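K.L.:
with the sequence up front, the predicted model follows.
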Amino acid sequence: MTKIVALEGLTKTFPGGVTAVDDLSLDIREGEFVTLLGPSGCGKTTTLRLIAGFEVPDRGRIVLAGRDVTDDPPYKRAVNTVFQDYALFPHMNVAQNVGYGLRIAGVPKEEISRRVVDTLRMVDLLEKIEARPAQLSGGQKQRVGLARAIIRRPKLLLLDEPLSALDVKLREAMQVELKHLHQKLGITFLLVTHDQKEALVLSDRVVVMDRGRIVQAGTPAELYDHPATPYVADFIGTSNLIRGRLVKCAEGQASVAAGPVVVRAHMNGALFSPGAPVLISIRPEKVLLIEPGIALPEETNRIPGTVIESFFHGNAVRVAVNIGQEEPFLVDMQLQRSLSGAGVPGPGTAVTLAVHVASVSIFADASAEPRAS
Amino acid sequence: MRLKQRRRVFAIGILSGPLLWTLAFMFIPYSIMFAYSFFTRKFPTFVPDFQIGNYITLFADPQYYQVLLRTLKIGVFTTIFSLILAYPLAYFLVFKIRSPRLRTALYIAVIVPLWVSYLLRAYTWKTILGSQGVLNSFLVWTGLLDQPSDLFLYNQFAMVLTLTYIFVPFMVMPIYTALEKIPRSLIDASKDLGVGRIHTFLLVTVPLSLPGILAGATFTFCLTIGDFVAPFLVGGANGAMIATVVQSQFGTALNWPLGSALSIVLLIIVLTIISLSDRVERAGRLDLA
Amino acid sequence: MATLTEAASASARFARRLRLPRLDAPQVSTRALGVAAASTIAFLYLPIVVLIVFSFNDNPVTTLPLRGFTWRWYESAFANADLLRALWNSIHVASSATVLCIVIGVPAAIALDRIEFSGKALFRRAVLLPLVLPGIITGISMLNLFRVIGFDLSLTTVIVGHGTALVSVVITQVFARLQRFNRRLEEASDDLGATPLQTFWLVTLPSIRTAIVGSALLAFTLSFDEIPVTFFLTGRDNTLPMYIYSTLRSGITPEINAIGTIIVVTSLFIIFLSVYLLSDKQEGR
């Protein structure tokens, strides 16, 4: 696979003194669907705008298909953008909006109308070809924005939170369509979103950002199962984060004491000295709720607790359990067999949480103060 | 950075015209006028000088300071009467007319006269108020008066009436805009909290429309005190205002330095009022977003 | 919003602490307001109606009762060579001044909207000053300038004066429209390969076009009726308002009512068009 985009040490500081993007480097391969994920203010949108050319970096280089475009204005870059607020030209109808890029490029009229029809058919909006943007719904506007951006077959398609203005149902439908469109077109997609679900569903690779830097980049499964930092563990999916101290470290297994409980975890390469402050993270769905006293295999953690309350989610029940920490521990019980929450332990029930050591992630606790010794 | 250079070229291209224009036709003329105000008159023209005699004349000679005071008085009265007429009208349009189309139509009907020939609108009052005019002939015709009265025209009442007539739309415009911006929920909230209509009006509506009142009052006052058409048409012998005097200094009296000094005084009054209302508005500005 | 709601409830609490009695008289107040509003509107239009009615009244004196319908004031107005020359001069002045306002005002509005430069605050104040500045100051100061540089007064100086006094009308309207303009549209256009000039012509200009045309119509009417600046800057040639102004000295003639009616009706038409074009709904048409 060839590299289509290379970002090298990009830095952008705004006049107010805020460094939005901080020494960011990233390669994107041709045909990939990459997502920049992070909360608002993490620099993901600025990164996108730097690639599009709407902002000029203070330092660093942007290489697009082997060409340095850092100093090129947007109209010289083979990149097209789908905007969050659609940015459709209100004085042009759908056909004129979609054909705008080709008209600018000097493409003959007949070819423009042929390609406009083709592209609108691709986004399933052919019947609105004569409509004005004001007459369209949010989802339809986004399709026009998409059609307008892909008609020029850019080397890279930038999508700036394209679905965030749509309601949940429509958003999920559009996610599927985006994925199909990506497969059909073979164009490289770079999506910016704060919605971790969207990122996991759509992307080949997710890049998690925080304060202008990349925290972790990897496939959705890698990020979900092996978050590199507590930040990633917390941002993607739901995690029970427990603060503790390392008490023992042997045979690739660590034991962490957190208040009354001791939890064992796989070390997966990380090295800590005994006594080090650490954070462990456990996903709610990787935990089994069992009655106390049932025998468990050797590789399984056994944590005693008391049920506080439970929340019905339809396909699952989320149970909050007191295990002697500040925060309640969350456990998801799938409901494929039992009917509507029958068999969910009521408040006050003593339970045991069973967690396999491989399902426990362990991190250095950066927030803990250095030990005085 | 090629991009930054291009932006600079664009900026210079866009800015240079308007900038040169304001320099040539505002800053330089004002400076000349300022300089002239210190010159000395030497019939039939004047000579360069630096003395404040012109300003002393303006404030010492009753002939001039009375005109100044009269102008300010007429300005104040016109502003008050315009406000009295404009506020209920704007309030009625915003809060009592339910249909948005009708409301917009009426609003446009109210502000359109503002731009329709100022001279002709002022002149019409002369034809209405004159001794042979519409009002007199109407009153005589209906028998309310035995003979035409000359009380209506050529006095300060006629000037305030005419100027109020001219500036009411100017007052309605910003007040209407300010009232329209007030969220209805706020007024409902106040009533919901057990506050009566009149107190809601005084405690919520009026404070929130204050920027509009201020803008309207600034416009009305500043333009009234510089007017010379109304004094000419309906003011009569004792109706001279600042502009009338300025006009005669540049015309028959041929005293450009004194006229310039008076213009500078007028300019200073206007600038003071603008910056005052600017400051008050900024201090009292509420977040309506 | 939150602060506003707080303000409302704070003032409500304040009112209760003062033990103000509840005053409610909804029906009466609405009716009284309606009457007040209607009378004010009547007050605004009464003189215009008087002007129009008397332009058709068969009596050389503007007095009641009416005497019958006639076209003769219109006939004599259009037979009056001085008046026609003044009318032509006014059209010439107003169209030239309007062009000037656009040429200076549109770039100024763009500069205010999107260029940062030192002295911007002063520049903004200066270009907007004529909105509240009595025309007489513009007239006097420019008269001084033309005298200093030895430029003879003529319709040209009047045009320059009108341009200076009225450019702020164009600036405020175009600036307001630019402020509401979505800059993403320009980015979208850049992104699709358009150069800055293409983007301006194809995206920005169409979005502010109605504001430009609307404010131009406004500037035209205002220039057409302008008196104070014209008074000081005109040479031997008269504009129509100046002609009317000078005849008013010698007394009223129904001829003025006739030409006045034409001006007022035309102005009303132009202004309605202008206000329509300047309304919010016109964005990007």
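P.N.:
That came through fine.
K.L.:
can you give me the pLDDT of the residue in the stretch 101-250 of chain B positioned nearest to chain A?
P.N.:
Closest approach between the stretch 101-250 of chain B and chain A, counting by CB to the nearest CB: residue B:101, at 18.3 Å. (C-beta placed from N, C-alpha, C; glycine too.) Residue B:101 carries a pLDDT value of 84.
K.L.:
which element is it on?
P.N.:
helix B:100-111 (DSSP states H and E).
K.L.:
dump the C-alpha coordinates for that helix into CSV.
P.N.:
Extracted C-alpha coordinates of helix B:100-111, given in CSV (Å, rounded to 0.1, in the frame of the first residue of the first chain):
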residue,chain,number,x,y,z
PRO,B,100,-45.4,37.9,11.6
ARG,B,101,-46.3,39.0,8.0
LEU,B,102,-48.6,41.8,9.2
ARG,B,103,-46.0,42.9,11.8
THR,B,104,-43.3,43.1,9.2
ALA,B,105,-45.5,44.9,6.7
LEU,B,106,-46.6,47.5,9.3
TYR,B,107,-43.0,47.9,10.5
ILE,B,108,-41.9,48.6,6.9
ALA,B,109,-44.8,51.0,6.5
VAL,B,110,-43.6,52.9,9.6
ILE,B,111,-39.9,53.2,8.7
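K.L.:
elements contacting that helix?
P.N.:
helix B:156-181, helix C:26-55, helix C:254-278 (3 or more CB pairs under 8 Å, 6 or more residues apart in numbering or on different chains; DSSP states H and E).
K.L.:
tell me the buried residues in the shortest one?
P.N.:
In terms of neighbour count (16 or more other CB atoms under 10 Å in any protein chain shown), helix C:254-278 has its buried residues at C:254-264, C:267-268, C:270-271, C:274-275, C:277-278.
K.L.:
any chance of the helices and strands packed on helix B:100-111 in JSON lines, plus distance to chain A and mean pLDDT?
P.N.:
Below are the helices and strands packed on helix B:100-111 laid out as JSON lines (distance: least, CB to the nearest CB, whole Å; pLDDT from 0 to 100):
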{"stretch": "helix B:156-181", "distance to chain A": "22", "mean pLDDT": "88"}
{"stretch": "helix C:26-55", "distance to chain A": "33", "mean pLDDT": "81"}
{"stretch": "helix C:254-278", "distance to chain A": "14", "mean pLDDT": "83"}
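K.L.:
residue B:143 is nearest to which of those?
P.N.:
For residue B:143, the closest of the helices and strands packed on helix B:100-111 is helix C:26-55, at 21.1 Å, according to CB to CB.
K.L.:
report the angle between the closest one and helix B:100-111.
P.N.:
Helix C:26-55 runs at 50 degrees relative to helix B:100-111, counting by axes from the mean of the first three to the mean of the last three CA atoms, to 10 degrees.
K.L.:
and helix C:26-55, what does it pack onto?
P.N.:
Using 3+ CB pairs under 8 Å, 6+ apart: helix C:26-55 touches helix B:62-91, helix B:100-111, helix B:118-129, helix B:156-181, helix C:254-278.
K.L.:
buried residues, the second one. List them.
P.N.:
When neighbours are counted by 16+ other CB under 10 Å, the buried residues of helix B:100-111 are found to be B:103, B:106, B:107, B:109, B:110, B:111.
K.L.:
quick one: residues contacting residue 92.
P.N.:
Just going to use chain A. Under the criterion of CB atoms under 8 Å, 6 or more residues apart in numbering or on different chains, the neighbours of residue A:92 are A:100, A:132, A:133.
K.L.:
I was thinking of chain C, sorry if that wasn't clear
P.N.:
Neighbour list for residue C:92: residue C:155 [criterion: CB under 8 Å, 6+ apart].
K.L.:
so what pLDDT did it get?
P.N.:
Note on residue C:92: pLDDT of 94.
K.L.:
that one: what secondary structure?
P.N.:
Secondary structure for residue C:92, judged by DSSP: H, G, I helix; E, B strand; the rest coil, is helix.
K.L.:
what distance do you get for it to chain A?
P.N.:
Per CB to the nearest CB, to the nearest Å, residue C:92 is found 33 Å from chain A.
K.L.:
kindly report the same for residue B:254.
P.N.:
Distance of residue B:254 to chain A, computed by CB to the nearest CB: 56 Å.
K.L.:
what's the closest non-adjacent residue to the closest residue to chain B within the stretch 51-200 of chain C?
P.N.:
Using CB to the nearest CB, residue C:134 is the residue of the stretch 51-200 of chain C that sits closest to chain B, at 1.9 Å. Leaving out its chain neighbours, the residue that sits closest to residue C:134 by CB to CB, 6 or more residues apart in numbering or on different chains is residue B:226, at 1.9 Å.
K.L.:
where does the prediction get shaky in the chain?
P.N.:
If you meant another chain, say so; for now it's chain A. Across chain A, the ranges flagged by pLDDT under 70 are A:1, A:268-271, A:336-342, A:367-373.
K.L.:
correction: the question concerned chain B.
P.N.:
Along chain B, the model assigns pLDDT under 70 to residues B:1-3, B:44, B:131, B:190-195, B:281-289.
K.L.:
swap in 80 and give it another go.
P.N.:
Scanning chain B for pLDDT under 80 picks out the ranges B:1-7, B:41-50, B:114-118, B:127, B:130-155, B:183-204, B:235-239, B:251-254, B:278-289.
K.L.:
ditto for chain C
P.N.:
When residues are selected by pLDDT under 80, those of chain C lie in C:1-30, C:57-70, C:72-73, C:248-254, C:278-285.
K.L.:
one step back: what's next to the helix holding residue B:101, contact-wise?
P.N.:
With CB under 8 Å, 6+ apart as the test, helix B:100-111 has contacts from B:89, B:93-94, B:97, B:168-169, B:172-173, B:176, C:40-41, C:44, C:272, C:275, C:279.
K.L.:
can you name the two of those that sit furthest apart?
P.N.:
Within the contacts of helix B:100-111, C:40 and C:279 form the most distant pair, 22.4 Å apart (CB to CB).
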